[in-house]
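>>> Need a 3D model of the following:
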Amino acid sequence: MEFILRPFAATDAEWLIAQHGEHYAKAEGFDDSFAPLVSEIIHAFLAQHDPDCEAGWIAQSDGTPVGSIFCVRFDETTAKLRLFYVVEQARGSGIAQALLDQCLGFARDAGYAGLTLWTHESHAAAGRIYRRNGLTRTRAVPVHSFGVDLVEETWEIAF
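From the prediction side, this is the model:
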């Protein structure tokens, strides 16, 4: 699959919120509290991100969005990866790796000393790509979120 990575734009917000809500409801049984969280993250990014140290990207194929990733400030020295997503039909195409490379490269170039992210253990493919790229799972905690029992994970990498 041929694709390009481009900067996230406000016009992508509705697509990205819907994709997250629909995918995680279908794939993992998340309730309707998940899409509003994604919406909150996106609208906060649009309202207040610092383009010198925060960015978002959309993977696009044939003019259609097929993936996303964001790099935002967690604290003075640490970036946070957010909203890493690839549509099912584009998985296995190299898009996830290209998005992750873009995020990690941006974080390094912006001067962060490391990067952290929050995910769920059920996202096994994401865990594999994180591990392959040098991230380490530093925390795993059973929780009940979005209407289901999950194991929340924190992953980290130092640059």
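>>> Going by C-alpha atoms from here, please, whenever you check contacts or count neighbours.
Noted.
>>> Could you report the separation of Ile157 from Cys53?
Ile157 is 17 Å from Cys53, where distance means CA to CA, to the nearest Å.
>>> Pick out whichever of those two has more residues nearby.
It is Ile157, of Ile157 and Cys53, that has more neighbours when counted by other CA atoms under 10 Å, with 20 against 17.
>>> looking at this, that one is in a strand?
Yes: counting by DSSP: H, G, I helix; E, B strand; the rest coil, Ile157 is found in a strand.
>>> is it in a bridge, and if so with what?
Note on Ile157: beta-bridge partners by DSSP bridges are Leu115.
>>> quick one: pLDDT of it?
Ile157 is assigned 98 on the pLDDT scale.
>>> for this structure, what spans make up the helices?
Secondary structure of the chain (DSSP state H): helices at 13-28, 34-48, 95-109, 124-132.
>>> can those helices go into a markdown table with extra columns for mean neighbour count, mean pLDDT and distance to Phe146?
Formatted as a markdown table, those follow (neighbours: other CA atoms under 10 Å; pLDDT from 0 to 100; distance: least, CA to CA, whole Å):
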| stretch | mean neighbour count | mean pLDDT | distance to Phe146 |
| --- | --- | --- | --- |
| helix 13-28 | 16 | 96 | 9 |
| helix 34-48 | 15 | 97 | 6 |
| helix 95-109 | 19 | 98 | 24 |
| helix 124-132 | 14 | 94 | 18 |
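>>> Leu5 is nearest to which of those helices?
Leu5 lies closest to helix 95-109 among the helices of the chain, at 7.5 Å (CA to CA).
>>> and that closest one, how far out from the chain's middle?
Mean-position distance between helix 95-109 and its chain equals 11 Å (CA atoms, centre = their mean, to the nearest Å).
>>> mind listing what the nearest residue to Glu54 once chain neighbours are set aside touches?
Leaving aside its sequence neighbours, Glu54 sits nearest to Val72 (CA to CA, 6 or more residues apart in numbering; 4.5 Å). By CA atoms under 8 Å, 6 or more residues apart in numbering, the contact set of Val72 is 49, 53-55, 79-82.
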